[in-house]
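**Student:** how would this look folded up:
(2 chains)
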Amino acid sequence: MKIFKSIGFIVTLLLVASVYAQQDQDAVKTYKKRVLETTEVDFLTSYYSQDGDNAAVSGGLGTEELTDFTSTFIVSIPLNDDDVLTIDAGVSAYTSASSSNVDPFDGGQPADPFVASSGASSSDTWTNLSGSYSHSSDDRNTIVSGKLSVSSEYDYFSLGFGGGLSKLYNEKNTEVSVNANVYLDTWNSIYPSELRPFASGANGLANGLFTNNTITGNTNYSPVFNEFSDETRNSYSVGFGFSQILSKNLQGTLALDFIQQQGLLSTPFQRVYFADVADSFIDNFQLADAIEQLPDSRFKVAAGGRLNWYVNETVVVRSFYRYYYDDWGISSHTASVEVPIKLSNKFTIYPSYRYYQQTAADYFYGHEEALSTDIYYTSDYDLSEYSSNQYGVGASYTDIFTKAHIWKLGLKSIDLKFYQYERDTTFSSSIITAGFNFVFD
Amino acid sequence: MIKKILIIAVIACSFGSCTVLKEYEKININDPDMVLQDKKVDRNVTTMHSYREAAAGANGGKTGGGCGCN
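**Tutor:** Numbering: from 1, shown residues only, chains lettered A, B, ... in the order given. Here you go, the predicted structure:
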């Protein structure tokens, strides 16, 4: 709490300073360039696929196969010399063998954690709409911004809002910023299908699932199951930034984020299997002993830095490092480097490498490792100890004269990138992503 | 931890006096590849990282909200 008081004090100081600075600046009328000359439109699209053998839905053992296709439009509109409104709308459609096994018995084939079920839980669509507004002072040394976002998928709804303040000093060689965001999320909990008959008031083993199928192994199936009473998940974050031009060819930035999450932080459809409970099966699918249980609060701190070096007219080196820790026992290091190489005025290639490693959450257990007497447990391998390597390559085409047109939109740039991500477990993924930047004539 | 971060911040702040470039001297600094944040085309990659990895924040990306549970 002490730290939040300190953060609150710093934020208040910055806001007061900003108001006074604004009053002084208003007295001086100087020529000012528009913050954004004309409306810009970005179209982003990506195709993502992953696979692995440690699905959280099936308690740490089962297919993690998933594909996702995402498209996003970002429209930035200059409202006047100082103000910019940005609208961001995105749709993401995924199919997931892993989440199809929330109900592994609806696919018309023998249930198996390594085989996708074709039922309703195998796909979903995520939609997002957000708007942000920024105002720059006449001397462009103060930028105030606010944003509002809404996103929705079948079992999850998120409402977010936030704001930020940036101040530039030393002839815009130094920038200090603060931002705060709040996300108010709500679950529509979906539970593993074999646990639903054990909800309050349901008929247990008399349910059709068990009378129409044969339970093997421990036939006296008796899971630990209580529906979650609180389905809200709130996230509060405060971030501080400091950027500095260090020389004609070098600049860097430091960022510090504090994030507090509260509410339902467990994922309701992720199964857990206990080491001290006899196993029950239908077909090849092991019936859940419980769903994951995680604390209802989590505090995260992330401190990161970037250093970009303009080596010469051909090569730039972009580097990033971040340290992270949270009160669930996870700490991590992230380091990445990207080296844009200009082949001509219009073409640049982007080779990159990223390394990531994290320790396990205190509540993580592998398949059949948790005990029924534990209070908190999860077999979500995203919370396990692992390291990963990511290799990337990309290319961009830029035409500052925007010769190519679609209707009244001139094509300014095209970016295309591919990344291959490998964990030291069985998990791997790849993503191909493209971005098109247009300016309105 | 907090002490270490404050020390780093103070050291970083001292860079403020190391150089002051005029606008016309910022040609290289203003190169699009020198921007101190991820490029827009990398947004979905950052989102993937925030869903699949425990760590989030301090990179200009999203620090909360959304499920990311599939």
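**Student:** only C-alpha atoms from now on, for both contacts and neighbour counts.
**Tutor:** OK.
**Student:** tell me where the chain has helices.
**Tutor:** As the question left the chain open, I've gone with chain A. Secondary structure of chain A by DSSP state H: the helices cover A:2-26, A:97-100, A:208-211.
**Student:** sorry, should have said chain B
**Tutor:** Using DSSP H, the helices assigned to chain B run over residues B:2-14, B:43-52.
**Student:** confidence-wise, which of those is weakest overall?
**Tutor:** Set side by side, these give their lowest mean pLDDT on helix B:2-14, at a mean of 56.
**Student:** residues near the nearest residue to A:S319 once chain neighbours are set aside, how many?
**Tutor:** Setting aside the residues directly before and after it, A:S319 is nearest to A:V337 in space (Cα to Cα, 6 or more residues apart in numbering or on different chains), at 4.4 Å. Counted with other Cα atoms under 10 Å in any protein chain shown, the neighbours of A:V337 add up to 18.
**Student:** what sits against A:V337?
**Tutor:** A:317-320, A:352-354 (Cα atoms under 8 Å, 6 or more residues apart in numbering or on different chains).
**Student:** I'd like these as TSV, with pLDDT, distance to A:I77 and neighbour count appended.
**Tutor:** Shown next, in TSV, are the contacts of A:V337 (pLDDT from 0 to 100; distance: Cα to Cα, whole Å; neighbours: other Cα atoms under 10 Å in any protein chain shown):
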residue	pLDDT	distance to A:I77	neighbour count
A:V317	98	31	19
A:R318	98	29	24
A:S319	97	31	20
A:F320	97	30	22
A:S352	98	32	20
A:Y353	98	34	18
A:R354	98	34	19
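**Student:** residues in the stretch 151-300 of chain A within reach of chain B, list them.
**Tutor:** Contacts of the stretch 151-300 of chain A with chain B, taken as Cα under 8 Å from any Cα of the partner chain, map to A:151, A:156-160, A:170-171, A:173-174, A:182-185, A:234-237, A:239, A:242, A:244-257, A:259, A:267.
**Student:** pull out the buried residues from the residues you listed.
**Tutor:** Neighbour-count burial (16 or more other Cα atoms under 10 Å in any protein chain shown) is assigned, among those, to A:151, A:156-160, A:170, A:173-174, A:182-185, A:234-237, A:239, A:242, A:244-257, A:259, A:267.
**Student:** which of these fall in strands?
**Tutor:** Using DSSP state E, the members of those that fall in strands are A:151, A:156-160, A:174, A:182-185, A:234-237, A:239, A:242, A:244-247, A:250-257, A:259.
**Student:** may I see the buried residues of stretch A:377-386?
**Tutor:** Buried positions in stretch A:377-386, judged by neighbour count with 16+ other Cα under 10 Å: A:377-386.
**Student:** tell me how far that stretch lies from the chain's centre.
**Tutor:** Here stretch A:377-386 shows a centroid-to-chain-centroid distance of 17 Å under the convention Cα atoms, centre = their mean, to the nearest Å.
**Student:** distance between the ends of that stretch?
**Tutor:** Distance between the two ends of stretch A:377-386: 18 Å, counting by Cα to Cα, to the nearest Å.
**Student:** any idea what the residue in the stretch 51-200 of chain A positioned nearest to chain B is bridged to?
**Tutor:** Using Cα to the nearest Cα, the single residue of the stretch 51-200 of chain A nearest to chain B is A:Y183, 5.1 Å away. As for beta bridges, A:Y183 partners with A:G160, A:S235 under DSSP bridges.
**Student:** surely it and A:S151 touch.
**Tutor:** No - using Cα atoms under 8 Å, A:Y183 is not in contact with A:S151, being 10.4 Å away.
**Student:** apart from its chain neighbours, what residue comes closest to A:Q261?
**Tutor:** A:S235 (4.3 Å).
**Student:** next one: A:V41
**Tutor:** Sequence neighbours aside, A:V75 is the residue nearest to A:V41 in space, at 4.5 Å (criterion: Cα to Cα, 6+ apart).
**Student:** compute the number of surrounding residues for the one you found.
**Tutor:** 19.
**Student:** residues contacting it?
**Tutor:** Contacts of A:V75 were listed using Cα under 8 Å, 6+ apart, and they are A:39-42, A:86-88.
**Student:** quick one on the thing from earlier: was I right about the residue nearest to A:Q261 contacting A:A180?
**Tutor:** No - look at A:S235 against A:A180 with Cα under 8 Å: they stay out of range, at 10.7 Å.
**Student:** show me what the residue nearest to A:S319 is bridged to.
**Tutor:** A:S319, A:Y353.
**Student:** separation between it and chain B?
**Tutor:** 12 Å (Cα to the nearest Cα, to the nearest Å).
**Student:** which residues touch the residue nearest to A:A97 when sequence neighbours are not counted?
**Tutor:** For A:A97, ignoring the flanking residues on the chain, the nearest one in space by Cα to Cα, 6+ apart is A:A116 at 4.3 Å. By Cα under 8 Å, 6+ apart, the residues touching A:A116 are A:63, A:96-98, A:100-101, A:104, A:122.
**Student:** and for A:F73?
**Tutor:** A:41-44, A:88-90 are the contacts of A:F73 under Cα under 8 Å, 6+ apart.
**Student:** can you redo those residues as TSV with pLDDT and neighbour count?
**Tutor:** Converted to TSV, the contacts of A:F73 look like this (pLDDT from 0 to 100; neighbours: other Cα atoms under 10 Å in any protein chain shown):
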residue	pLDDT	neighbour count
A:V41	96	23
A:D42	96	22
A:F43	97	20
A:L44	96	24
A:D88	94	18
A:A89	95	19
A:G90	93	18
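**Student:** in TSV: the residues you listed, plus distance to A:I400.
**Tutor:** Formatted as TSV, the contacts of A:F73 follow (distance: Cα to Cα, whole Å):
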residue	distance to A:I400
A:V41	15
A:D42	15
A:F43	17
A:L44	19
A:D88	24
A:A89	26
A:G90	26
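**Student:** nearest to A:D139, of those?
**Tutor:** Lowest distance from A:D139 to those (Cα to Cα) belongs to A:V41, with 26.2 Å.
**Student:** does that closest one touch A:D441 like I think?
**Tutor:** No - applying Cα under 8 Å, one finds A:V41 not in contact with A:D441, separated by 11.4 Å.
**Student:** mind checking which of the buried residues of stretch A:377-386 are in strands?
**Tutor:** Using DSSP E, these in strands are A:Y386.
**Student:** hang on, isn't A:Q286 packed against A:D279?
**Tutor:** Yes - A:Q286 lies in contact with A:D279 (Cα under 8 Å); the separation is 6.8 Å.
**Student:** skip the chain neighbours and tell me the closest residue to B:K40.
**Tutor:** Nearest residue to B:K40, sequence neighbours excluded (Cα to Cα, 6+ apart): A:G435, at 7.2 Å.
**Student:** surely the one you found meets A:D42?
**Tutor:** Yes - A:G435 lies in contact with A:D42 (Cα under 8 Å); the separation is 6.8 Å.
**Student:** and the strands in the stretch 51-200 of chain A?
**Tutor:** A:66-78, A:83-96, A:123-136, A:142-153, A:156-169, A:174-187 (DSSP state E, counting those that start in this stretch).
**Student:** which of these sits most buried?
**Tutor:** Most buried of these by mean neighbour count (mean count of other Cα atoms under 10 Å in any protein chain shown) is strand A:174-187; its value is a mean of 22.
**Student:** which helices and strands does it pack with?
**Tutor:** With contacts defined as 3 or more Cα pairs under 8 Å, 6 or more residues apart in numbering or on different chains; DSSP states H and E, the packing partners of strand A:174-187 are strand A:156-169, strand A:232-247.
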